[in-house]
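Participant: got a sequence here, can you build the structure:
(one chain, ligands or ions: 1)
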Amino acid sequence: MKRVVSQLSVLGGLALVGVGSAVYAAGRVGGVGGEPWYDAGPLTVSIRPEARAGLTKALGVEHLEDLTLYDLDLAYDPSAATFTLAEDVWFTNTTSAPLPDLVFRVYANAAPPDSGPQVRFVSGWCVDDSGCAIAPAGPSAIHLTPSAPIPVGGRVHAKLSLTGALTHIDPSRTNFMAQSMEGMKSVLGGSGGPAGGDYGLLATGDGIASFANFYAVLARRDGGVWETREASKLGDLGSDVMASFRARLDLPAAAKLAVTGSVTSDTTTPAGHREVKVAAAAIRDFALLFGDGLEVASRDMHGVRVRSYYLAADRAAGTKVLDVAAHALEDFERRFGQYPYAEYGVSEAAIVGGAGGVEFSGLVTAASMFYRPMASGGGGGHGGGNDAMAALMAQLGGLGGGMTDGMLEFVVAHETAHQWWHGLVGSDSRDHPYVDEALAQYSSIVYLEDRYGPARAEKDGNANVKMNYQSMRAMGQPDAPADGPVASYAASVQYAGIIYGKAPYFYRAMRKEIGDAAFFSALKAYVARYRFAVAPARGVVDFFAASGGQAKVRPLEAHWLDEMHGDEDLGTLDLAAMLGGLMGTQGAAGLGGLGGAEGMGDLEQVMKMLQSAGGNFPGGAGAGAAPGPGDLDVQQLMKMFGGTSP
Ligand SMILES: [Zn+2]
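Facilitator: Got it, this is the predicted structure:
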């Protein structure tokens, strides 16, 4: 997954007024008024030298400086887990019409934790536009109204001041059992589950501080209109548009840092803080994680520095993550085309709320629960859950760490695949998640096949992908076309089932139909055509048709993307097979540990409970109502049953 929004409570809002003249139309690389515009040259250090040629053309701009620059000055106070952010936005109107206003979003406030919005607007003003007004417009939106519409090619340099606080994720929540139990409790109607969409993206947990969605970013535009709220909080929120970033980070002295882009300077301030400067050209979002206890292992992949960040206690898993990340990056580069950035990092993170990992450009995270043996007792003891379920989970947990190992590899490969699907090649992840999420899922299967052979790919695909669909059906949720907007799915269980479970098999069916050569050459051509851009909804299908033939591709497109044949294509839930896939070679022994048939009985009982819970899904099956906070979190449930929705 990627990111996630709601009703804002109170944004302290002062709209300060700047000084100077009106919004001006830019000359070549000129700035606003007499002020020089920013220089993008030094930022390209984050791009691989061989990927720099043709960059502006691919981005669809005349100059790299036409890309919006977010210049972030972030100071973190570890004693209070709060931060201040001075943000400069350098915006050029590259649309084809004058813009009467700009809307920024702070996506951390779009899906806030139970404690409320985390980021507060303090002030904002425009350099050289005395009539410009900047004010909050809802919990997650900030509205900028210039004194006159911004002409085509016109530029605005705005300054925003924000403050924020990180939530704290209790260590008892970041293990597999605890996350599974949280998911179960919310499915079964219990309280205490996490609010929908709160993944711990702006939080501290396990000694790691995570900063994502913490700054103001230009809102998505839909049909020429700025989006100020979300139709659904499911799935990825955030921007699909390429931008550049420059950052100055004021961090604790001993912090080890994982960050998007490239570090250009790393010094100690007179006050003993660590000051890190970062440059990142042409990325879709900016994020950082840091912690005193993080360790790093690194490796070179064809000139790309690949790093894995992990807690010392999770070194074995962290070392494996480096190996998986490097191999997946190499495999996808060969299959899909060149990876564009000089660095690639995977960091362990205290992710909660049902996500297995989160992707940013050049940096991804994987949930710490996958780095550890499954059983560790935490979370399950919070009470209020179902006793039979708790006992069953405890027994399953006793089976050992083999299960989380396979999931970790799958998640890391999935997040790495996002470097192409949604990272390098943008797509509308709100209206057409079948493109990026399902391609990432299928790419993970391709990685497993390329590395270990088809048998392993099939088996892990069944457990991590197909299970999402089959469990959804077992819970009484209906099939749906694979190409639907996130908001069209009745509940997170259906979203996970269709997008993470069924849609990936569209790509497998396509490969089978048109053959390996046509399939992979189409993906390469698709990447070459849309690198650094945003592809149309059916762009990838058009490339399949161009290489594999319309007659073969269009019927398959209709069958999977527009019609519903999930049950016939993917089959229905087979509990024994599910347990086998879940536990791998330990399956037989595992069943013994569960008390054989008795264990199966427990599981069947669980499925029955889920089915009855299915009738109580918010909005009901197919009612189309947007799920709200506290809705069932099926992605966690999927994890429990062996699937993941990273
Ligand atoms: Zn994903």
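Participant: list the contacts of the longest helix along the chain.
Facilitator: The longest helix of the chain (DSSP state H) is helix 315-336. By CB atoms under 8 Å, 6 or more residues apart in numbering, the surrounding residues in contact with helix 315-336 are 295, 297-299, 301-302, 304, 306-311, 339, 344, 346, 348, 366, 370-372, 405, 408-409, 412-413, 416-417, 419-420, 443, 446-447, 450-451, 520, 523-524, 527. Bear in mind the C-beta positions are built from the backbone N, C-alpha and C, glycine included.
Participant: now the buried members of the residues you listed.
Facilitator: 295, 301, 304, 306-311, 339, 344, 346, 348, 366, 370-372, 405, 408-409, 412-413, 416-417, 419-420, 443, 446-447, 450-451, 520, 523-524, 527 (16 or more other CB atoms under 10 Å).
Participant: among the residues you listed, which are located in strands?
Facilitator: 295, 301, 304, 306-311, 344, 346, 348, 366 (DSSP state E).
Participant: measure the closest residue to Leu69 other than its chain neighbours to Leu43 for me?
Facilitator: Nearest residue to Leu69 in three dimensions, chain neighbours excluded: Trp90, at 4.1 Å (CB to CB, 6 or more residues apart in numbering). Distance, Trp90 to Leu43, using CB to CB, to the nearest Å: 12 Å.
Participant: with Arg529 instead?
Facilitator: 25 Å.
Participant: again with Ala325
Facilitator: 24 Å.
Participant: equivalent analysis for Tyr70, please.
Facilitator: 11 Å.
Participant: shared neighbours, the two?
Facilitator: 244-246.
Participant: quick one: list the elements packing against the host helix or strand of Gln494.
Facilitator: Secondary structure from DSSP states H and E places Gln494 in helix 492-495. Where contact means 3 or more CB pairs under 8 Å, 6 or more residues apart in numbering; DSSP states H and E, helix 492-495 is packed against helix 467-474, helix 634-640.
Participant: and the next helix or strand past that helix?
Facilitator: Assigned by DSSP H and E, the successor of helix 492-495 is helix 504-514.
Participant: could you export that following helix as PDB, CA atoms only?
Facilitator: The C-alpha coordinates for helix 504-514 follow below in PDB (Å, rounded to 0.1, in the frame of the first residue of the first chain):
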ATOM      1  CA  PRO A 504      -2.900  -9.800  -9.900                       C
ATOM      2  CA  TYR A 505      -4.200 -12.900 -11.700                       C
ATOM      3  CA  PHE A 506      -5.300 -10.700 -14.600                       C
ATOM      4  CA  TYR A 507      -1.600 -10.200 -15.300                       C
ATOM      5  CA  ARG A 508      -0.900 -13.900 -15.000                       C
ATOM      6  CA  ALA A 509      -3.700 -14.700 -17.300                       C
ATOM      7  CA  MET A 510      -2.500 -12.100 -19.800                       C
ATOM      8  CA  ARG A 511       1.100 -13.500 -19.700                       C
ATOM      9  CA  LYS A 512      -0.300 -17.000 -20.400                       C
ATOM     10  CA  GLU A 513      -2.500 -15.700 -23.200                       C
ATOM     11  CA  ILE A 514       0.100 -13.700 -25.200                       C
END
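Participant: got the angle between that helix and helix 467-474?
Facilitator: 120 degrees (axes from the mean of the first three to the mean of the last three CA atoms, to 10 degrees).
Participant: is any part of helix 504-514 close to the ion?
Facilitator: No: if you take CB under 5 Å from the ion as the test, helix 504-514 misses the ion, and the best it gets is 10.9 Å.
Participant: end to end, how far does stretch 97-117 reach?
Facilitator: 34 Å (CA to CA, to the nearest Å).
Participant: quick one: Tyr530 from Leu523, how far?
Facilitator: If you go by CB to CB, the gap between Tyr530 and Leu523 works out to 11 Å.
Participant: report the buried residues of stretch 135-150.
Facilitator: 135-146, 150.
Participant: and the two most separated of the residues you listed?
Facilitator: Of all pairs drawn from the buried residues of stretch 135-150, the greatest distance, 25.2 Å, lies between Pro139 and Ile150 (CB to CB).
Participant: low-confidence stretches in the stretch 251-400 of the chain?
Facilitator: For the stretch 251-400 of the chain, applying pLDDT under 70 flags the ranges 374-400.
Participant: now it against the ion: closest residue?
Facilitator: Glu359 (6.2 Å; CB to the ion).
Participant: you'd agree that residue is in a strand?
Facilitator: Yes: counting by DSSP: H, G, I helix; E, B strand; the rest coil, Glu359 falls inside a strand.
Participant: that one against Gly423, yeah?
Facilitator: Yes: Glu359 lies in contact with Gly423 (CB atoms under 8 Å); the separation is 6.7 Å.
Participant: and stretch 111-118, end to end?
Facilitator: Termini of stretch 111-118 sit 10 Å apart (CA to CA).
Participant: any regions of the chain where pLDDT drops low?
Facilitator: Ranges of the chain meeting pLDDT under 70: 1-34, 181-198, 230-238, 374-403, 574-646.
Participant: mind running it again at 80?
Facilitator: Scanning the chain for pLDDT under 80 picks out the ranges 1-35, 111-114, 174-199, 229-240, 353-355, 373-404, 490-491, 573-646.
Participant: now stretch 100-110: buried residues?
Facilitator: Buried residues in stretch 100-110 (16+ other CB under 10 Å): 102-110.
Participant: gap between it and the chain center?
Facilitator: Taking CA atoms, centre = their mean, to the nearest Å, one finds the center of stretch 100-110 at 18 Å from the center of the full chain.
Participant: please apply the same query to stretch 66-85.
Facilitator: 20 Å.
Participant: may I see the buried residues of that stretch?
Facilitator: 66-72, 74, 76, 78, 83, 85.
Participant: dump those to a markdown table, plus secondary structure and distance to the ion.
Facilitator: What follows is the buried residues of stretch 66-85, written out as a markdown table (DSSP: H, G, I helix; E, B strand; the rest coil; distance: CB to the ion, whole Å):
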| residue | secondary structure | distance to the ion |
| --- | --- | --- |
| Asp66 | helix | 29 |
| Leu67 | coil | 25 |
| Thr68 | coil | 24 |
| Leu69 | strand | 27 |
| Tyr70 | strand | 23 |
| Asp71 | strand | 29 |
| Leu72 | strand | 25 |
| Leu74 | strand | 26 |
| Tyr76 | strand | 27 |
| Pro78 | coil | 30 |
| Phe83 | strand | 27 |
| Leu85 | strand | 27 |
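Participant: His227: neighbouring residues, count only.
Facilitator: In this structure residue 227 is Glu, not His. 17 (other CB atoms under 10 Å).
Participant: for the closest residue to it other than its chain neighbours, grab phi and psi.
Facilitator: Using CB to CB, 6+ apart and skipping the chain neighbours, the partner closest in space to Glu227 is Arg220 (4.5 Å). Here is the backbone geometry of Arg220 (degrees, to the nearest 10): phi -70, psi 150.
Participant: distance of Gly303 relative to Phe104?
Facilitator: 36 Å.
Participant: now swap in Ala440 and tell me
Facilitator: Distance of Ala440 to Phe104, computed by CB to CB: 28 Å.
Participant: cool, and Asp292?
Facilitator: Where Phe104 is concerned, Asp292 sits at a distance of 32 Å (CB to CB).
Participant: please apply the same query to Thr268.
Facilitator: 33 Å.
Participant: just Thr228 next, same as before
Facilitator: 10 Å.
Participant: which residues are in contact with each of those two?
Facilitator: 141, 219.
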